[in-house]
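*Asks:* here is a sequence with its predicted model. Questions after.
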Amino acid sequence: MNRFATLFAALDGTTKTGVKTRALADYFRAAPEADRVWTIALLTGRRPRRAVTSTELHLWAAEAAGIPDWLFEESYSVVGDLAETIALLLPPAEATADLGLDAAIRGLIRLTGQPVEARRAAVLATWGQLPATERFLYNKLLTGGFRMGVAQGLLTRALSLATGVEEATLAHRLMGDWDPASTRFSALIDGDAGGDARPFPFALASPLEAGAETLGQPEDWLAEWKWDGIRGQLIARPGTFALWSRGEELVTDRFPEFGPLADFLPPGTVIDAEVLAWDQAANRPLPFAALQRRIGRKTVPKALLAEAPARLLAYDLLEDGGTDIRDRPLSQRRARLEAIIAALPPSLSPSLSPGLPLTLSPSLTFQTWESLARIRATAREHEAEGVMLKRATSPYFTGRKRGDWWKWKLDPYTVDAVLLYAQAGHGRRANLFTDFTFGVRDGNDLVPFTKAYSGLTDAEFGEITRWVQRHTLERYGPVRKVPAELVFEIGFEGIQESPRHKSGIALRFPRMLRWRRDKGVAEIDTLASLRALLRAAD
Amino acid sequence: MADPVLTFTDRGIFCPAGGFHIDPWRPVPRALITHGHSDHARPGMGSYLATHQALPVIRRRLGPITAEGIAYGEVRPIGGARVSFHPAGHVPGSAQIRVEVAGEVWVVSGDYKTEPDGLAEAFQPVTCHSFITECTFGLPVFRWQPQPQVMASIADWWQANAAAGKMSILGAYSFGKAQRLLAGLPDLGPILTHGAVEDMTEVLRAQGYRLPATIRATADTSAKTHPGALVIAPPSALGSAWANRLGPAEAAFVSGWMAVRGIRRRRALGTGFVLSDHADWAGLDAAITATGAERVFVTHGYTAPFRRWLESRGYDAGIVETRFTGDDPDDTPPDLPPDATHEAAPDTATNAAADGGAA
């Protein structure tokens, strides 16, 4: 892992993307082929199955370091990363061997399912022969969480530099269900891996910060709702039917109701769509929480299928009759999509079955930007987050490219709330209090109603951390109770009843918009005002 | 029973028999000072006593004060106490303070490191009954590489940057760490210093500490005038307008805290070199063992786990709370692990963070 460790050090030692790209490209030119494949796999979130549990690692490492368990825990809480804590705690290696990345991972794959003694012996032996950085990386392989600060775009750029293959082509070839253990580097780069179910890279929109009127003529644009579900890509090719999530996860089996589509879609159809939980009676989406119950489950019980049936709202057509049409203008793709959906059989008996769970995400008709703004203002009534604007001539591009696709979300709801509890984060945020619980006023009481983790600057988190340390009232494990003094403006996208929460409500996408240093606890909002929003949302 | 040799008050460590305080944080009539860092040598004391080697820096920082110097190892009676100063190896002039009252010996470590750095007077263990030790890095994850190895990696980095036509900016505490780097790095080219670093370097050079030639960075010095130069600046100067003016450069922070990746990444600097003027876990352990003390008080750092560790090893251990808020921006890099202590004591955490500056 010597070469991999050098790569890691180079990536970790800079924040400049140019330097990272060059380091990665050099690696892809020189590293052994099998190591390159694993590196691509790790950087795209394809990890070997975990051979050991965190508890086992804790135990074995504390033992090897000769320290009691509680001291291990104290160390972990300061370092904030299990793999690194172990690498720092173990005594220096006595003799070092150069274990290749491929060999290291194959060793781990072989360990899976072996008796605990065999796994323990193998891990301890490997620890004993690796220098510090390699040991940390080996632990990262063991614990499964690999983040190296390399975004997908940076990876394909580096790979493109090293191989001469175009970036967008590579982005497509790296997608899909390929197994790093049996895939050759050349096959991956030439596009022979990934299988029949290989999806296309998703095109992503950028937030529209300036007004819509900056986009030019309204007639050049198509508008539709920005749905609050999960983005999906449906693949119907001869012998293959698959649904991919935006996170490149194969979720076909989680949505069995889409299965019949395999029989009705023309062969060679790939559709970009939103997966939503659907209220059949009202013919509108259910709140995101309903879909959330579906996402987490690999197999879906019948009752849940009935309570939260899923539906696909189609946005775009990427492959038509087996031909990749991503380069054609959106208006043409959209026309083909409409034709395909129109050709689907209607429900034979609407009273018994609502028909196939695939419909068009409707286009919004507007003459002027003002009229679109008025439509956008009603998004919440449609269970939407805002509107999407796509240039009629735009291709289906790879990843995020500014200029053609915009998401124009509603301004979030806001509430002023007071900080009640704080907890330290992990990784980069270890030792910084970043995970907060907020309260609003309920009569004479303060009732906790949401958590939020993001939205402040590092400097603000640092300042709040020092304040929390000086003002801790009580500790519950890692959680600190603090005096109700600091007021924050919390932004959120939606609100729902939630019997599981003390406050009776749950927020969607809560985050801190601002630290309101100008406000005191007397000026925060009330639970009653939040409940009023709940009624308005109904 | 007689008073203990040292007691812990809201002004700092106090010796009832001698009527003096050690490193007090509020004005007292008589202060014994372990070393010149601003969390130990504070303004406003009636009189100061420190080693001859420590005094010039203290005077430079505090201005006109009533102060007296003492040689390492010299025994001085103060009231009913006998006091002597012994090398702590932390920074030039730094000392542990030994206090003996009626045959009972207590030692206050101040800040210390056990590895000789070639510049500060090397640490010497002092036998005592009770030892008050710092534990800034009192967790087993902190294990330092030998200094020559760290200096070699810094030298490699400097050379690689110079070869790429860039300057190398090292963020290092302006008194102590900066001069340790000057003394320990090979001569690979010109060395520029930030004003805060140069001020301290001048004081130490005048005292006779062997330090290489340095050039005070001014509006006229840059990568153009001094290609491939090394620049030593306080951590707060990294990424500032001052640093940007120098031209194309790589920056790195030199501190014991750089051992933890999360802390390093929080500074968004990329490069960090692990070099500390405090003892690591093994160093603390060795130093405590060498004193032969049965009773150990811990302060500054991961006090709660460190005390628990000492107790598990059979020591009678306690925690001394410190109360210090950094007033020198050099002392407090913006985001060092503020929660260095798990004690509920209100200000210990800030103190640990401030201490990190000298780490």
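*Replies:* Right, received. Where do you want to start? Numbering: from 1, shown residues only, chains lettered A, B, ... in the order given.

*Asks:* quick check: the closest residue in space to B:H40 that isn't next to it in sequence vs B:I58, distance?
*Replies:* Among residues not flanking B:H40 along the chain, B:D23 sits closest, at 4.4 Å (Cβ to Cβ, 6 or more residues apart in numbering or on different chains). Placement of C-beta: from N, CA and C, glycine included. Using Cβ to Cβ, to the nearest Å, one obtains 12 Å as the distance from B:D23 to B:I58.

*Asks:* what sits in contact with each of the two?
*Replies:* Taking Cβ atoms under 8 Å, 6 or more residues apart in numbering or on different chains as the contact rule, B:D23 and B:I58 both touch B:33, B:41.

*Asks:* check contacts around residue 19.
*Replies:* All of this is about chain A. So, once contact is read as Cβ under 8 Å, 6+ apart, A:V19 ends up touching A:A10.

*Asks:* um, chain B though
*Replies:* Counting by Cβ under 8 Å, 6+ apart, the residues that B:G19 touches are B:29-30, B:78-79.

*Asks:* just B:T193 next, same as before
*Replies:* Counting by Cβ under 8 Å, 6+ apart, B:T193 touches B:178, B:201, B:214-217, B:231-233.

*Asks:* bridging residues for it?
*Replies:* B:R216, B:I232 (DSSP bridges).

*Asks:* show me the chain divided up by domain.
*Replies:* The chain I'm using is chain A. Domain assignment for chain A by automatic domain parsing gives A:2-143, A:203-407, A:413-537.

*Asks:* ah, I was thinking of chain B
*Replies:* If you go by automatic domain parsing, chain B breaks into B:7-142+B:277-345, B:147-273.

*Asks:* ranking those by mean pLDDT, which is last?
*Replies:* Ranked by mean pLDDT, the domains of chain B end with domain B:7-142+B:277-345 in last place, scoring a mean of 88.

*Asks:* how far off centre is that domain?
*Replies:* Centroid separation for domain B:7-142+B:277-345 versus its chain: 10 Å, with Cα atoms, centre = their mean, to the nearest Å.

*Asks:* quick one on the thing from earlier: how about the domains of chain A in TSV, adding mean pLDDT and distance to B:I13?
*Replies:* Below are the domains of chain A laid out as TSV (pLDDT from 0 to 100; distance: least, Cβ to Cβ, whole Å):
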stretch	mean pLDDT	distance to B:I13
domain A:2-143	91	26
domain A:203-407	90	56
domain A:413-537	87	22
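
*Asks:* ok, which of those domains comes nearest A:E167?
*Replies:* domain A:203-407 (7.4 Å; Cβ to Cβ).

*Asks:* which residues does residue 61 contact?
*Replies:* Went with chain A since none was named. Contacts of A:A61 by Cβ under 8 Å, 6+ apart are A:72, A:85-86, A:89-90, A:127.

*Asks:* my bad, chain B
*Replies:* Contacts for B:R61 (Cβ under 8 Å, 6+ apart) come out as B:36, B:38, B:41.

*Asks:* near chain B, which residues of the stretch 401-538 of chain A?
*Replies:* The stretch 401-538 of chain A comes close to chain B at residues A:424, A:427-432, A:458-459, A:462, A:465-466, A:469-472, A:475, as judged by Cβ under 8 Å from any Cβ of the partner chain.

*Asks:* who are the packing partners of the helix of greatest length in chain B?
*Replies:* Longest among the helix segments of chain B by residue count, using DSSP state H, is helix B:147-163. Applying 3 or more Cβ pairs under 8 Å, 6 or more residues apart in numbering or on different chains; DSSP states H and E, one finds that helix B:147-163 contacts strand B:167-171, helix B:177-184, strand B:249-254, strand B:271-273.

*Asks:* the first one pairs with which strands, parallel or anti?
*Replies:* Meaning strand B:167-171. If you go by DSSP bridges, strand B:167-171 pairs up with strand B:230-233 (parallel), strand B:249-254 (parallel).

*Asks:* make JSON lines out of those and add mean neighbour count and distance to A:L57.
*Replies:* Output for these, formatted as JSON lines (neighbours: other Cβ atoms under 10 Å in any protein chain shown; distance: least, Cβ to Cβ, whole Å):
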{"stretch": "strand B:230-233", "mean neighbour count": "27", "distance to A:L57": "40"}
{"stretch": "strand B:249-254", "mean neighbour count": "22", "distance to A:L57": "30"}
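
*Asks:* count of residues packed around residue 114?
*Replies:* You didn't say which chain, so I picked chain A. A count of nearby residues for A:Q114, using other Cβ atoms under 10 Å in any protein chain shown, gives 14.

*Asks:* wrong chain, I was asking about chain B
*Replies:* There are 21 residues near B:T114, going by other Cβ under 10 Å.

*Asks:* give me the element the closest residue to it other than its chain neighbours is part of.
*Replies:* Closest residue to B:T114 apart from its sequence neighbours, by Cβ to Cβ, 6+ apart: B:G283 at 4.0 Å. In the assignment (DSSP states H and E), B:G283 maps to helix B:281-291.

*Asks:* residues touching that helix, excluding its own?
*Replies:* Under Cβ under 8 Å, 6+ apart, the answer for helix B:281-291 is B:107, B:109, B:112-115, B:123, B:125-128, B:131, B:133, B:135, B:137-144, B:279, B:296, B:306, B:310, B:315.

*Asks:* got the buried residues for it?
*Replies:* If you call a residue buried by 16 or more other Cβ atoms under 10 Å in any protein chain shown, then helix B:281-291 has these buried ones: B:281, B:283-285, B:287-288, B:291.

*Asks:* how about stretch A:68-87: buried residues?
*Replies:* Residues of stretch A:68-87 classed as buried: A:71-72, A:74-87 (neighbour count, 16+ other Cβ under 10 Å).

*Asks:* near chain B, which of those show up?
*Replies:* Okay, of the buried residues of stretch A:68-87 touching chain B (Cβ under 8 Å from any Cβ), that's A:71, A:74-75, A:78-81, A:84-85.

*Asks:* who touches the closest residue to A:D525 other than its chain neighbours in this structure?
*Replies:* Excluding its sequence neighbours, the residue lying closest to A:D525 (Cβ to Cβ, 6+ apart) is A:V415, at 4.7 Å. Residues near A:V415 by Cβ under 8 Å, 6+ apart: A:440, A:489-490, A:492, A:525, A:529-530.

*Asks:* alright, I will stop here.
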